[in-house]
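Engineer: Take this sequence and fold it.
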Amino acid sequence: MEVNITYSSDDIHEAVNALKVTSWISAMFDLDQHLRSEAKYNVDRTEKEIDVIYEIREKLNDIMHEYNISFDE
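Structural biologist: Next up, the predicted model:
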């Protein structure tokens with residue numbers, strides 16, 4: 001698939017951000033997976049720390065839902 005997007009020189013910041021969308025989604029996915037791994041496999045974590053990690057993951061997913069984005073799409 002090929003997509004052509006035209007931006008004026010005034011919109012260069014928007015153009016750069018638009019091109020980085022995939023990178024942002026990948027970074028958020030990696031963060032979510034890191035948090036999941038920490039909660040699930042790091043035996044040095046306390047129960048309270050694990051609860052906080054799950055709260056952060058839930059908030060990340062809530063924010064993504066507000067912006068109508070998902071790791072599944």
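Engineer: can you list contacts of the least confident helix or strand in the chain by mean pLDDT?
Structural biologist: Least confident helix or strand of the chain, by mean pLDDT, DSSP states H and E, is helix 12-19 with a mean of 80. Applying CB atoms under 8 Å, 6 or more residues apart in numbering, the external contacts of helix 12-19 come out as 5, 7. Any C-beta I mention is one placed from the backbone N, CA and C, and that applies to glycine too.
Engineer: Check which element follows it along the chain.
Structural biologist: helix 21-41 (DSSP states H and E).
Engineer: Identify each buried residue in that next one, please.
Structural biologist: Buried residues in helix 21-41, defined by neighbour count with 16 or more other CB atoms under 10 Å: 28, 32, 35, 38-39.
Engineer: how far off helix 21-41 does the least confident helix or strand of the chain point, in degrees?
Structural biologist: Angle, helix 12-19 to helix 21-41, by axes from the mean of the first three to the mean of the last three CA atoms, to 10 degrees: 50 degrees.
Engineer: For the residue nearest to the spatial centre of the chain, which residues are in contact?
Structural biologist: With distances taken as CA atoms, centre = their mean, M28 lies nearest the centre of the chain, 2.1 Å away. Going by CB under 8 Å, 6+ apart, M28 touches 60, 64, 71.
Engineer: for these, which one is nearest T22?
Structural biologist: F71 (12.4 Å; CB to CB).
Engineer: picking that back up, is it possible to get TSV of the buried residues of helix 21-41 that adds pLDDT and distance to I56?
Structural biologist: Compiled in TSV, these are given as follows (pLDDT from 0 to 100; distance: CB to CB, whole Å):
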residue	pLDDT	distance to I56
M28	94	12
D32	96	9
L35	97	6
E38	97	10
A39	96	9
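Engineer: Let's have the residues you listed in JSON lines, adding distance to T22.
Structural biologist: Formatted as JSON lines, these follow (distance: CB to CB, whole Å):
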{"residue": "M28", "distance to T22": "11"}
{"residue": "D32", "distance to T22": "16"}
{"residue": "L35", "distance to T22": "21"}
{"residue": "E38", "distance to T22": "25"}
{"residue": "A39", "distance to T22": "26"}
